[in-house]
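# coords please:
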Amino acid sequence: MKPGHDELARLTGWGRTAPTSAHVVRTADVDTIATVVREAGDRGVIARGLGRSYGDPSQNAGGVVVDMTALDRIHRVDADAATVEVEAGVTLDTLMRTLLPFGLWLPVLPGTRQVTVGGAIGSDIHGKAHHVEGSFGNHVRSMDLLTADGTVHTLTPDGPDAELFWATTGGMGLTGIVLRATLHLNRVETAYFLVDTDQVGDLDELMAKQTEDDESYVESVSWFDAVTTGPHLGRGLLTRANHAKIEDLPKKLRRHPLRFDAPQLLTVPDVFPPGMVNRLSGKVFSELWYRKSPTRRAQVQNITQFLHPLDMFGEWNRGYGPRGFLQYQYVVPFAAGHVVRRTIEMMTEAGHVSFLNVLKRFGEGNPAPLSFPMPGWTLCVDMPVRPGLHELCEELDELVLGAGGRHYLAKESRATPEVIARGYPRLDEWRKVRAAVDPHGVFASDMSRRLSLT
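Prediction:
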């Protein structure tokens, strides 16, 4: 047992599948982390934030996992320059609570605030604003990276180590451990959104309407029904929003326009049996969810209402039962929009049910070779693990790859090396940078072994 290690811990991703055990280190001392990296041993080391990746990128069976949540200090907020310097274990939730009183806003927020800054960089997360703001790496001005030899390098997106900066962005922790980062921020007048909602009767109309005037909204996303078949297949709710100004708010909200209103209603108990998510419950949920939001304009909503409704339910992943669930997310070019329809058809034909379904439009990608977003449609579904799911996903893989698409490394949990190699044409470019900075493969994870990334 190396210095600072806790007892062996059992770890999973957010999907609660494929558990493995590793020795976990939790410390805020950088020198200790550097020592752990230098002495990691044959199974290597990987960093872990809050474990919100759905698969196994922050697991390391038989090896070392560095729990980064102890590095949780916000060092400096520069309101004039609209920047913040933070340690990698700071969560987006904590960061938003700190920044809003300054009238500052993180340009990229995913579907949950329960993500660390280091995890956001390693996954190059995106949000509902990608068509305007790009992904998280676009807003990182510098980062401190601990590499395999135990030294710390300060990287910038256009500096002498730009290749390593972009290999780390979206690199799933396999180039080193991000210790600190400086982020560029946006300015806002309030903590609220003006939301336009459209209730749409079928998938074709939903995708057509989502394409209209999207650039005039900072945030845009749609939920679609993946259970109903026939003429209403893919019916959904399109919600688009811009940041509200003070004059947009009702009087009672103008008194504290930057208040962070983020309640958590309950924590989901770990008592649900397998099979709770099925065709019957799916039909009931989809009908209620579709009917709850009629078409309306300029509705004032807070951060949690619009961006993070699931954050109101702690440990909501337990609702899928002990077998867990698989989140399947891909992006395909705009010209391959038919893949979205075929995905829903294949799911319903195979009897696999998903409640939490998201469809978004991506803008241009960034220079990171393993960054997921590219111009096109991105679809995301959550399906409980049950017989036949693997076979369905294999068929979907071929559909996506044949259309020039790819899968999101932060979400996938069962792909093969061939699937990732076909989806990421710059993979060898990334491997070259990684081999130069970590020639002995010190940084490794269950995912990296499964996908032959290391």
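
# For stretch 30-44, buried residues please.
Across stretch 30-44, burial judged by 16 or more other Cβ atoms under 10 Å covers Val30, Ile33, Ala34, Thr35, Val36, Val37, Ala40, Arg43, Gly44. To be clear about C-beta, it is placed using only N, CA and C from the backbone, and glycine gets the same treatment.

# and the gap between Val152 and Leu145?
Val152 sits 7 Å away from Leu145, going by Cβ to Cβ, to the nearest Å.

# Who has more neighbours out of the two?
Counted by other Cβ atoms under 10 Å, Val152 and Leu145 do not tie: Leu145 has more neighbours, with 24 against 15.

# number of nearby residues for the closest residue to the more buried one other than its chain neighbours?
Leaving aside its chain neighbours, Leu145 sits nearest to Gly176 (4.4 Å; criterion: Cβ to Cβ, 6 or more residues apart in numbering). Close neighbours of Gly176, defined as other Cβ under 10 Å, add up to 29.

# what pLDDT, on average, does stretch 259-269 get?
Mean per-residue pLDDT for stretch 259-269: 80.

# who touches the residue in the chain sticking out farthest from the centre in this structure?
Here the chain reaches farthest from its C-alpha mean at Lys251, the gap being 35.1 Å by Cα atoms, centre = their mean. Going by Cβ atoms under 8 Å, 6 or more residues apart in numbering, Lys251 touches no other residue.

# I'd like the distance between it and Phe260.
For Lys251 relative to Phe260 (Cβ to Cβ), the value is 20 Å.

# where exactly do the helices run in this protein?
Listed from the start of the chain, the chain has helices (DSSP state H) covering 30-38, 92-99, 117-123, 130-133, 162-168, 203-211, 251-254, 279-291, 303-306, 338-350, 389-402, 417-423, 427-437, 446-450.

# What is the distance between stretch 273-284 and the centre of its chain?
On the basis of Cα atoms, centre = their mean, to the nearest Å, stretch 273-284 sits 25 Å off its chain's mean C-alpha point.

# ok, residues contacting that stretch?
Here stretch 273-284 has contacts from 226-228, 319-323, 325, 351, 353-355, 384, 386, using Cβ under 8 Å, 6+ apart.

# So which of those residues are in strands?
Phe325, Pro384 (DSSP state E).

# Just flag the most distant two among the contacts of stretch 273-284.
Pairwise distances across the contacts of stretch 273-284 peak at 28.5 Å for Thr228 and Pro322 (criterion: Cβ to Cβ).

# Between the two, tell me which one has more neighbours.
When Thr228 and Pro322 are compared for neighbours, Thr228 comes out ahead with 19 against 12, by other Cβ under 10 Å.

# Check the more buried one and give its pLDDT.
Among the per-residue scores, Thr228 shows a pLDDT of 89.

# Repeat that for Phe362.
Phe362 carries a pLDDT value of 97.

# I'd say it and Ser371 touch.
No - with contact defined as Cβ atoms under 8 Å, Phe362 does not reach Ser371; the gap is 10.5 Å.

# neighbour count winner among the two?
Comparing Phe362 with Ser371 by neighbour count (other Cβ under 10 Å), the higher total belongs to Ser371, at 25 against 20.

# Which residues are in contact with the more buried one?
Neighbouring residues of Ser371 by Cβ under 8 Å, 6+ apart: Asp124, Ser135, Gly137, Thr169, Gly170, Gly365.

# same check, this time on Pro439
Residues near Pro439 by Cβ under 8 Å, 6+ apart: Ala148.

# Report the residue ranges of every domain in this structure.
Under the assignment automatic domain parsing, the domains of the chain span 71-188, 192-414.

# Comparing those domains, which comes out most buried?
Across those, the average number of neighbours (mean count of other Cβ atoms under 10 Å) peaks for domain 71-188, which reaches a mean of 21.

# ok, back up a step: adding distance to Lys283, write the buried residues of stretch 30-44 out as JSON lines.
Compiled in JSON lines, the buried residues of stretch 30-44 are given as follows (distance: Cβ to Cβ, whole Å):
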{"residue": "Val30", "distance to Lys283": "52"}
{"residue": "Ile33", "distance to Lys283": "49"}
{"residue": "Ala34", "distance to Lys283": "54"}
{"residue": "Thr35", "distance to Lys283": "55"}
{"residue": "Val36", "distance to Lys283": "50"}
{"residue": "Val37", "distance to Lys283": "50"}
{"residue": "Ala40", "distance to Lys283": "49"}
{"residue": "Arg43", "distance to Lys283": "46"}
{"residue": "Gly44", "distance to Lys283": "46"}
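
# and these, which two are the farthest apart?
Distance extremes for those: the farthest pair is Val30 and Arg43 at 22.2 Å, using Cβ to Cβ.

# and the gap between the closest residue to Asp397 other than its chain neighbours and Leu359?
Nearest residue to Asp397 in three dimensions, chain neighbours excluded: Val419, at 5.2 Å (Cβ to Cβ, 6+ apart). According to Cβ to Cβ, Val419 stands 21 Å off from Leu359.

# contacting residues around the residue nearest to Leu145?
Leu145, Leu146, Thr147, Ala148, His153, Thr168, Val437, Asp438, Phe443.

# which two of these lie the greatest distance from each other?
The span of the contacts of Gly176, defined through Cβ to Cβ, is set by His153 and Phe443 at 14.0 Å.
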